[in-house]
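Undergrad: okay, here's the prediction I keep looking at, along with the sequence it came from:
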Amino acid sequence: MSVNDPKTILSKIARVFGKDLTKFSILTGGDINEVFLIECGSEKFVVKLNDSEKFPGMFEAEKTGLEELYDASAIDIPEVLKTGKVSSKSYLLLEHKNAAPKISGFWEMFGEQLAKLHQQSSKSFGFRKDNYIGSLPQYNEHRDSAAEFYIDMRLQPQIEMAENKGFQLNVKDSFYRNCENLIPSEPPALIHGDLWNGNYLVNAQGNPCLIDPAVTYAPREMDLGMMKLFGGFHENLFQTYNEIFPLQGNWEERISLWQLYYLLVHLNIFGAGYRSQVTAIIKRFS
């Protein structure tokens with residue numbers, strides 16, 4: 001049996017944690033990671049694997065982000081149990097969350113808990129380490145203002161990457177000036193950072209649980225922009241959120257500005273199918 005065979009790797013990971021692998025099954029993963037449910041007797045865990053050379057430090061960064069979210073005590077987060085390396089694979093060992101149907105009032109609870117998460121703040125925008133958004137590096141150098149952080153750490157790196165790939169985006173100075181004027185001056189918020197509808201679970205209590213974050217302290221509307229990009233979140237969530245932690249005026253008109261970052265990421269990962277959406281938003285705000 002190959003040293004890179006999943007059973008061999010998962011058995012080694014279980015033994016590092018003092019367990020014996022009974023059986024395993026494949027869970028839905030992304031384009032980067034293999035995800036497994038492993039069973040060690042009556043206990044269950046989740047293991048994420050990826051190529052340690054292609055994505056150096058990815059799981060250590062994810063561990064740091066998950067722990068930041070967990071420590072906020074705002075919304076359910078799986079506990080990180082261990083990170084490490086076996087053969088050519090990096091791994092992240094996580095608590096397994098049993099699933100149940102959504103409770104009555106699930107979306108209102110989600111809105112309340114997300115508001116509580118976003119009320120966690122920091123002295124500046126950014127994070128103590130860089131991390132990843134999908135398969136791409138995400139930079140978290142500290143900045144003093146929301147606009148400065150969003151432009152310097154989010155938009156410009158992705159725009160530069162896209163243009164290096166041959167996508168002509170025609171970004172004018174007026175676009176950045178308008179961003180500075182439009183982005184609200186608010187304190188940094190602890191955000192999930194990649195909150196599409198595939199990155200939450202319904203736990204055993206029927207409550208929301210967040211997974212696969214790209215954590216930083218950033219403008220809180222970034223999470224809302226991503227949530228609205230691909231849908232899957234009930235309007236009651238946003239209504240409850242806004243009642244508890246009111247958003248600044250015209251927030252819905254800014255949604256596409258925040259979505260620009262995530263669309264740039266998709267352009268850089270998946271290619272030209274996202275170019276028209278990207279250029280339309282840039283033109284709108286130029």
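TA: It's in.
Undergrad: show me the helices in this structure, by range?
TA: 6-16, 58-71, 106-118, 146-149, 156-164, 173-182, 221-230, 235-244, 251-270, 275-284 (DSSP state H).
Undergrad: what packs against the shortest one?
TA: Applying 3 or more C-beta pairs under 8 Å, 6 or more residues apart in numbering; DSSP states H and E, we find helix 146-149 packed against helix 173-182. The way it works is simple: take the backbone N, C-alpha and C, and place the C-beta from them, glycine included.
Undergrad: would you mark the buried spots in the helix it packs on?
TA: Buried residues in helix 173-182, counted by 16 or more other C-beta atoms under 10 Å: 175, 176, 179.
Undergrad: can you pull the phi and psi angles for the residue nearest to residue 121 when sequence neighbours are not counted?
TA: Closest residue in space to residue 121, ignoring its immediate chain neighbours: residue 187 at 4.7 Å, by C-beta to C-beta, 6 or more residues apart in numbering. Phi and psi for residue 187, reported as degrees, to the nearest 10, are phi -60, psi 160.
Undergrad: make CSV out of the helices of the chain and add mean pLDDT.
TA: Shown next, in CSV, are these (pLDDT from 0 to 100):
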stretch, mean pLDDT
helix 6-16, 92
helix 58-71, 97
helix 106-118, 98
helix 146-149, 98
helix 156-164, 97
helix 173-182, 96
helix 221-230, 98
helix 235-244, 98
helix 251-270, 97
helix 275-284, 97
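Undergrad: so which of those helices comes closest to residue 40?
TA: helix 6-16 (5.4 Å; C-beta to C-beta).
Undergrad: what does that closest one contact?
TA: Identification of contacts with helix 6-16 by C-beta atoms under 8 Å, 6 or more residues apart in numbering yields 1-3, 20-21, 24, 34, 36, 38, 40, 45, 47, 49, 82, 84, 86-87, 89, 91, 93.
Undergrad: ChimeraX command to pick out the buried ones of those residues?
TA: Here is the ChimeraX command that selects only those of the contacts of helix 6-16 that count as buried (16+ other C-beta under 10 Å):
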select :21,24,34,36,38,40,45,47,49,84,86,89,91,93
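Undergrad: mind checking which of the contacts of helix 6-16 land in strands?
TA: Members of these lying in strands (criterion: DSSP state E): 24, 34, 36, 38, 40, 45, 47, 49, 82, 84, 86, 89, 91, 93.
Undergrad: how about TSV for these, with pLDDT and distance to residue 132 added?
TA: Putting the ones in strands among the contacts of helix 6-16 into TSV (pLDDT from 0 to 100; distance: C-beta to C-beta, whole Å) gives the following:
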residue	pLDDT	distance to residue 132
24	95	25
34	91	16
36	95	20
38	96	23
40	95	28
45	96	22
47	96	18
49	94	15
82	93	19
84	94	18
86	91	20
89	91	16
91	96	16
93	96	18
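Undergrad: could the residues you listed be laid out in JSON lines, adding distance to residue 239?
TA: Putting those into JSON lines (distance: C-beta to C-beta, whole Å) gives the following:
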{"residue": "24", "distance to residue 239": "41"}
{"residue": "34", "distance to residue 239": "38"}
{"residue": "36", "distance to residue 239": "38"}
{"residue": "38", "distance to residue 239": "40"}
{"residue": "40", "distance to residue 239": "43"}
{"residue": "45", "distance to residue 239": "37"}
{"residue": "47", "distance to residue 239": "38"}
{"residue": "49", "distance to residue 239": "39"}
{"residue": "82", "distance to residue 239": "40"}
{"residue": "84", "distance to residue 239": "43"}
{"residue": "86", "distance to residue 239": "46"}
{"residue": "89", "distance to residue 239": "43"}
{"residue": "91", "distance to residue 239": "40"}
{"residue": "93", "distance to residue 239": "37"}
